[in-house]
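Visitor: Just need the structure, nothing else, for what follows:
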Amino acid sequence: MDLVGFLVRLRRWRIARELLMLLNGTEIPATVRIGPDFRLIHRGMGAVMHPTTVIGARVQVFQRVTIGRADVDQPWGLSRMERIEIGDDAILCAGAIILGGPGITRVGNGTIVGANAVLTSSTGDWEVWAGSPARKVGEREDPQAA
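Guide: Next up is the predicted model:
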(Lines give C-alpha, C1' and ligand atoms only; values in the text may rest on other atoms or scores of the structure.)
Protein backbone atom coordinates (compact mmCIF):
# COMPACT_ATOMS: atom_id res chain seq x y z
CA MET A 1 0.00 0.00 0.00
CA ASP A 2 1.38 3.44 -0.90
CA LEU A 3 1.63 6.33 1.57
CA VAL A 4 -1.13 8.45 0.03
CA GLY A 5 -3.55 5.48 -0.02
CA PHE A 6 -2.70 4.78 3.61
CA LEU A 7 -3.43 8.41 4.57
CA VAL A 8 -6.71 8.39 2.61
CA ARG A 9 -7.84 5.25 4.46
CA LEU A 10 -7.01 6.97 7.75
CA ARG A 11 -9.09 9.98 6.55
CA ARG A 12 -5.99 12.19 6.86
CA TRP A 13 -7.01 14.25 3.84
CA ARG A 14 -5.05 17.36 4.70
CA ILE A 15 -1.72 15.50 4.62
CA ALA A 16 -2.78 13.28 1.68
CA ARG A 17 -3.83 16.33 -0.38
CA GLU A 18 -0.50 18.05 0.17
CA LEU A 19 1.40 14.91 -0.83
CA LEU A 20 -0.78 14.45 -3.93
CA MET A 21 -0.16 18.01 -5.05
CA LEU A 22 3.55 17.75 -4.43
CA LEU A 23 4.15 14.32 -5.95
CA ASN A 24 1.49 13.98 -8.66
CA GLY A 25 0.32 17.44 -9.63
CA THR A 26 -3.11 16.51 -8.26
CA GLU A 27 -5.15 19.40 -6.91
CA ILE A 28 -7.94 18.60 -4.45
CA PRO A 29 -8.72 21.72 -2.38
CA ALA A 30 -9.54 21.23 1.29
CA THR A 31 -13.11 22.43 0.63
CA VAL A 32 -13.91 19.44 -1.61
CA ARG A 33 -16.25 17.10 0.28
CA ILE A 34 -15.33 13.45 -0.27
CA GLY A 35 -17.40 10.38 0.65
CA PRO A 36 -16.10 7.06 1.95
CA ASP A 37 -14.08 4.62 -0.19
CA PHE A 38 -12.99 7.34 -2.65
CA ARG A 39 -10.31 6.00 -5.02
CA LEU A 40 -7.76 7.85 -7.10
CA ILE A 41 -6.74 5.34 -9.76
CA HIS A 42 -3.09 5.71 -10.86
CA ARG A 43 -2.84 8.13 -7.92
CA GLY A 44 -5.04 10.59 -9.81
CA MET A 45 -1.98 12.00 -11.58
CA GLY A 46 -2.83 15.55 -12.71
CA ALA A 47 -6.46 15.49 -11.50
CA VAL A 48 -7.90 18.92 -10.66
CA MET A 49 -11.13 19.56 -8.75
CA HIS A 50 -13.10 22.76 -8.24
CA PRO A 51 -13.30 23.83 -4.55
CA THR A 52 -17.11 23.40 -4.45
CA THR A 53 -17.09 19.77 -5.64
CA VAL A 54 -19.01 17.19 -3.59
CA ILE A 55 -17.99 13.56 -4.19
CA GLY A 56 -20.15 10.61 -3.12
CA ALA A 57 -19.21 7.18 -1.80
CA ARG A 58 -17.10 4.66 -3.76
CA VAL A 59 -16.25 7.11 -6.55
CA GLN A 60 -13.27 6.26 -8.78
CA VAL A 61 -11.25 9.06 -10.39
CA PHE A 62 -8.58 8.26 -12.96
CA GLN A 63 -5.61 10.41 -14.00
CA ARG A 64 -5.99 13.87 -15.61
CA VAL A 65 -9.66 14.29 -14.63
CA THR A 66 -10.77 17.93 -14.41
CA ILE A 67 -13.83 19.12 -12.52
CA GLY A 68 -14.17 22.84 -13.10
CA ARG A 69 -16.22 25.84 -14.17
CA ALA A 70 -17.76 26.36 -17.58
CA ASP A 71 -18.64 29.99 -16.77
CA VAL A 72 -15.09 31.31 -16.43
CA ASP A 73 -16.26 34.63 -17.90
CA GLN A 74 -18.03 35.34 -14.60
CA PRO A 75 -16.08 36.87 -11.70
CA TRP A 76 -15.20 34.32 -9.01
CA GLY A 77 -17.80 35.55 -6.50
CA LEU A 78 -20.54 35.82 -9.13
CA SER A 79 -20.18 32.36 -10.63
CA ARG A 80 -23.56 30.75 -11.27
CA MET A 81 -22.12 27.37 -10.31
CA GLU A 82 -22.85 26.61 -6.70
CA ARG A 83 -21.31 23.13 -6.76
CA ILE A 84 -20.86 19.98 -8.80
CA GLU A 85 -22.04 16.77 -7.19
CA ILE A 86 -20.54 13.44 -8.20
CA GLY A 87 -22.95 10.66 -7.19
CA ASP A 88 -22.12 7.43 -5.40
CA ASP A 89 -20.35 4.70 -7.45
CA ALA A 90 -19.51 7.09 -10.32
CA ILE A 91 -16.42 6.44 -12.45
CA LEU A 92 -14.57 9.35 -14.05
CA CYS A 93 -12.22 7.87 -16.66
CA ALA A 94 -8.81 9.20 -17.72
CA GLY A 95 -8.87 12.73 -19.08
CA ALA A 96 -12.59 13.30 -18.43
CA ILE A 97 -13.56 16.95 -18.13
CA ILE A 98 -16.66 17.93 -16.18
CA LEU A 99 -17.58 21.58 -16.61
CA GLY A 100 -20.00 22.91 -14.03
CA GLY A 101 -22.19 25.93 -14.45
CA PRO A 102 -25.73 26.59 -15.55
CA GLY A 103 -25.89 23.35 -17.58
CA ILE A 104 -24.47 20.86 -15.10
CA THR A 105 -24.83 20.36 -11.40
CA ARG A 106 -24.74 16.57 -10.96
CA VAL A 107 -23.15 13.40 -12.27
CA GLY A 108 -25.62 10.67 -11.32
CA ASN A 109 -25.07 7.63 -9.12
CA GLY A 110 -23.16 4.90 -10.93
CA THR A 111 -22.55 7.01 -14.03
CA ILE A 112 -19.42 6.47 -16.11
CA VAL A 113 -17.87 9.48 -17.84
CA GLY A 114 -15.63 8.02 -20.56
CA ALA A 115 -11.99 8.76 -21.29
CA ASN A 116 -11.42 12.28 -22.65
CA ALA A 117 -15.15 13.06 -22.57
CA VAL A 118 -16.19 16.70 -22.07
CA LEU A 119 -19.35 16.67 -19.98
CA THR A 120 -21.38 19.89 -20.10
CA SER A 121 -24.77 18.67 -18.85
CA SER A 122 -26.08 16.81 -15.83
CA THR A 123 -26.54 13.05 -16.08
CA GLY A 124 -29.05 10.58 -14.75
CA ASP A 125 -28.22 7.59 -12.60
CA TRP A 126 -26.41 4.53 -14.03
CA GLU A 127 -25.66 6.04 -17.43
CA VAL A 128 -22.58 5.95 -19.66
CA TRP A 129 -21.42 9.20 -21.28
CA ALA A 130 -18.66 9.61 -23.87
CA GLY A 131 -17.38 11.98 -26.54
CA SER A 132 -16.64 15.66 -26.89
CA PRO A 133 -19.09 17.08 -26.16
CA ALA A 134 -20.23 14.11 -24.10
CA ARG A 135 -23.51 12.43 -24.91
CA LYS A 136 -25.29 9.48 -23.40
CA VAL A 137 -24.12 6.31 -25.14
CA GLY A 138 -25.58 3.67 -22.85
CA GLU A 139 -26.90 2.62 -19.50
CA ARG A 140 -25.52 0.46 -16.71
CA GLU A 141 -27.38 -1.90 -14.47
CA ASP A 142 -27.66 -0.91 -10.83
CA PRO A 143 -26.11 -3.93 -9.05
CA GLN A 144 -28.35 -3.40 -6.02
CA ALA A 145 -31.54 -3.41 -8.09
CA ALA A 146 -31.11 -7.07 -9.06
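Visitor: What residues sit buried inside stretch 25-37?
Guide: Neighbour counts over stretch 25-37 (16 or more other C-beta atoms under 10 Å) mark 26-28, 32, 34 as buried. Every residue, glycine included, has its C-beta placed from N, CA and C.
Visitor: Adding distance to Val65, secondary structure and pLDDT, write those residues out as a markdown table.
Guide: Shown next, in a markdown table, are the buried residues of stretch 25-37 (distance: C-beta to C-beta, whole Å; DSSP: H, G, I helix; E, B strand; the rest coil; pLDDT from 0 to 100):
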| residue | distance to Val65 | secondary structure | pLDDT |
| --- | --- | --- | --- |
| Thr26 | 9 | coil | 82 |
| Glu27 | 11 | strand | 84 |
| Ile28 | 11 | coil | 85 |
| Val32 | 13 | coil | 89 |
| Ile34 | 14 | strand | 91 |
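Visitor: tell me the two of the residues you listed that are most distant?
Guide: Glu27 and Ile34 (13.6 Å; C-beta to C-beta).
Visitor: In this structure, where is pLDDT below threshold?
Guide: Along the chain, the model assigns pLDDT under 70 to residues 1-17, 19-21, 74-81, 103, 146.
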